[in-house]
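Participant: Quick one, fold the following:
(one chain, ligands or ions: 1)
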Amino acid sequence: AASFGIESALKELGLKDINEGTSTGSNNFSNGDIIESYSPVDGKLIGKVKATTKEDYNIVMQTATSAFKTWRTMPAPQRGEIVRQFGEKLREKKEALGKLVSYEMGKSYQEGLGEVQEMIDICDFAVGLSRQLHGLTMHSERPGHRMYEQYHPLGVVGIISAFNFPVAVWAWNTALAWICGDVCVWKPSEKTPMCGVACQNIAAEVFAANNLPEGICNLINGDYKVGEMMTKDTRIPLVSATGSTRMGKIVAKEVAGRLGKSLLELGGNNAIIVTPDADIKMTVIGAVFGAVGTAGQRCTSTRRLIIHDSIYDKVKDAVISAYNQLRIGNPLDENNHVGPIIDKDAVKMYQDALDKVVKEGGNIVVEGGVLEGEGYESGCYVKPAIAEAKNSFEIVQHETFAPILYLLKYSGGVENALEMQNGVAQGLSSAIMTNNLREAEHFLSVQGSDCGIANVNIGTSGAEIGGAFGGEKETGGGRESGSDAWKVYMRRQTNTINYTTELPLAQGIKFNL
Ligand code: UN1
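Facilitator: Model prediction:
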């Protein structure tokens, strides 16, 4: 791993050959299994992380529960100051962390930096928000009464994140939860554990420098069994989980079973509708970045292009010729557009999906395949592929986390395109390319897109942190990041105060003693 400054990045982030996977600091943890992290970039071992045992987990929960008692009493703007310092540290470590993200996950270095930028941005957002955790005041129906609401922290928030955004999604959750007064326990994906340790190191340094107790920021590691400790744990009022719909259904059921709250950000099956009035150049940029960015492994990746028949061939040719320019290779080399996908299991799923689309009657127009030879030794580099397909195909209805784009044709009005776009189980991101005001407004109207994100003349991926991020249907309904997403990390309390010497009852009830 000598190339591209990876070794010095690991060092700067405080990573060792074997890392504690269960928080950091003074706790003495028992010896869990070892998780080995191999890079999809070159197949080499990056490092090892100790998995969290049940005993470790209980120590973490005790530490977190007791830290909450301190943290919750700190005024929110002072908590914001801690998050500001965390954002500053991220600015210092941006290159190193961006590199690690690229090397452990496989996305391009530019996208790795972009992910760290999202972390910095959410910290800034959270700092401002720490002075704006507003509740409403209401007018009481009774004389001499005052009524208002306030938001209090929930307690310990559990965060389960996915490999595709190994650092940013945690930051969206934790930065907001912290300013809200919550403490967090984070289980990163077992495919990107080193990113988790690196973030924990950065955060722990900030908390320690401010003489704050351990336990405000906690890390645990392992597979679904470790996640299960949190979903079953009544000490965790909110579990925020990002990942597959299959995982989300299990989390939702488990957490709801104990009447906890869950915040789910699950699969997408995102489409761009390309109408006769679309700007073709913009469409190509949006569609190609959406489909091959992060090697097709964003929740917001463009999976389907729904193209009007009058411009179908033109758009198809333009997208194919853009695909011919793509350079696939080491994502740390900034000349490449597309890096590897996460592991060999993902490669298998990619191959299966391509077989399936052909079996169902699809027509491959940009050939896929696994790359071999020099630079591709990890076996995780695949060619972004395009297939002409039908929306009704089983495989098109399914989210495959790989760079496969389906071309679908529609005729008639935009409502026909919308029927296809909405005709899937997922509801995360959607887009329309058009210069026609009527089409654009129809797409955004109540009869339009059923997704949590609906864009005009922008692709499906690359949402800004300032908006609420998430989607409907099988995407899980949760909203993270901007807007008023913070409210889910707090409990709302309605307060009514009587400052008279009478006790009038609500609803006009007379109760004479
Ligand atoms: C995800 O893929 O889980 O909109 C998150 C985007 C990014 C976040 C994606 N801001 O593509």
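Participant: Is Met247 in a helix, a strand, or coil?
Facilitator: What DSSP: H, G, I helix; E, B strand; the rest coil gives for Met247 is helix.
Participant: What about it, how many residues nearby?
Facilitator: 18 (other CB atoms under 10 Å). Every residue, glycine included, has its C-beta placed from N, CA and C.
Participant: Not including adjacent chain positions, what is the nearest residue to it?
Facilitator: Of all residues not flanking Met247 in the chain, Ala241 sits nearest, at 6.8 Å (CB to CB, 6 or more residues apart in numbering).
Participant: what residues are up against the one you found?
Facilitator: 159-160, 227, 247-248, 251, 262-265 (CB atoms under 8 Å, 6 or more residues apart in numbering).
Participant: Just the ones of those residues in strands?
Facilitator: 159-160, 262-265 (DSSP state E).
Participant: Just put these in TSV and tack on pLDDT and distance to the ligand.
Facilitator: Formatted as TSV, the ones in strands among the contacts of Ala241 follow (pLDDT from 0 to 100; distance: CB to the nearest ligand atom, whole Å):
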residue	pLDDT	distance to the ligand
Ile159	98	13
Ile160	98	12
Ser262	98	16
Leu263	98	13
Leu264	98	12
Glu265	97	6
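Participant: Dump the helix or strand harbouring the residue nearest to Met247 to CSV, keeping only the CA atoms.
Facilitator: Using DSSP states H and E, Ala241 sits within strand 238-242. Only the C-alpha atoms of strand 238-242 are listed here, as CSV (Å, rounded to 0.1, in the frame of the first residue of the first chain):
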residue,chain,number,x,y,z
LEU,A,238,-33.6,5.4,18.4
VAL,A,239,-31.8,3.2,15.9
SER,A,240,-30.8,4.9,12.6
ALA,A,241,-29.9,2.4,10.0
THR,A,242,-28.7,2.7,6.4
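Participant: shift numbering so it begins at 268
Facilitator: That works, and once the first residue is 268, the last one we named lands at strand 505-509.
Participant: Now do it against strand 528-532: the angle between them, please.
Facilitator: Angle of strand 505-509 versus strand 528-532, following axes from the mean of the first three to the mean of the last three CA atoms, to 10 degrees, is 10 degrees.
Participant: mind listing what's buried in strand 505-509?
Facilitator: With burial defined by 16 or more other CB atoms under 10 Å, the residues of strand 505-509 counted as buried are 505-509.
Participant: can you check stretch 396-404 too?
Facilitator: Quick answer for stretch 396-404 (16+ other CB under 10 Å): 396-397, 400, 402.
Participant: Between the two ends of that stretch, how far is it?
Facilitator: From its first residue to its last, stretch 396-404 covers 19 Å (CA to CA, to the nearest Å).
Participant: ditto for stretch 525-539
Facilitator: Stretch 525-539: ends 39 Å apart by CA to CA.
Participant: Filter the buried residues of strand 505-509 to keep only those in contact with the ligand.
Facilitator: Thr509 (CB under 6 Å from any ligand atom).
Participant: In TSV, list the buried residues of strand 505-509 along with pLDDT and distance to Pro543.
Facilitator: Formatted as TSV, the entries for the buried residues of strand 505-509 read as follows, by pLDDT from 0 to 100; distance: CB to CB, whole Å:
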residue	pLDDT	distance to Pro543
Leu505	98	46
Val506	98	45
Ser507	98	41
Ala508	98	41
Thr509	97	37
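Participant: Looking at the buried residues of strand 505-509, which is nearest the ligand?
Facilitator: Thr509 (5.7 Å; CB to the nearest ligand atom).
Participant: still on that earlier bit, from the buried residues of stretch 396-404, pick the one nearest Gly629.
Facilitator: Leu396 (46.2 Å; CB to CB).
Participant: Relative to the ligand, how far out is Val350?
Facilitator: From Val350 over to the ligand the distance is 19 Å, taken as CB to the nearest ligand atom, to the nearest Å.
Participant: thought that residue was touching Trp445?
Facilitator: Yes: counting by CB atoms under 8 Å, Trp445 is a contact partner of Val350 at 5.6 Å.
Participant: Can you work out which residues contact both of those two?
Facilitator: Residues within reach of Val350 and of Trp445 at once, by CB under 8 Å, 6+ apart, are Ala393.
Participant: quick one: contacts for Gly281?
Facilitator: 464-465, 468.
Participant: any idea how far Gly629 lies from the ligand?
Facilitator: 25 Å.
Participant: Do I have it right that Glu634 meets Ala654?
Facilitator: No: at 9.8 Å, Glu634 does not count as touching Ala654 under the criterion of CB under 8 Å.
Participant: Between the two, point out the one with more neighbours.
Facilitator: Of the pair Glu634 and Ala654, Ala654 is the one with more neighbours under other CB under 10 Å, namely 24 against 11.
Participant: On the three-state scheme, that one is what?
Facilitator: Classification of Ala654 by three-state DSSP places it in strand.
Participant: where's it relative to the ligand, distance?
Facilitator: Counting by CB to the nearest ligand atom, the gap from Ala654 to the ligand is 22 Å.
Participant: Who does that residue form a beta bridge with?
Facilitator: Ile631, Tyr673 (DSSP bridges).
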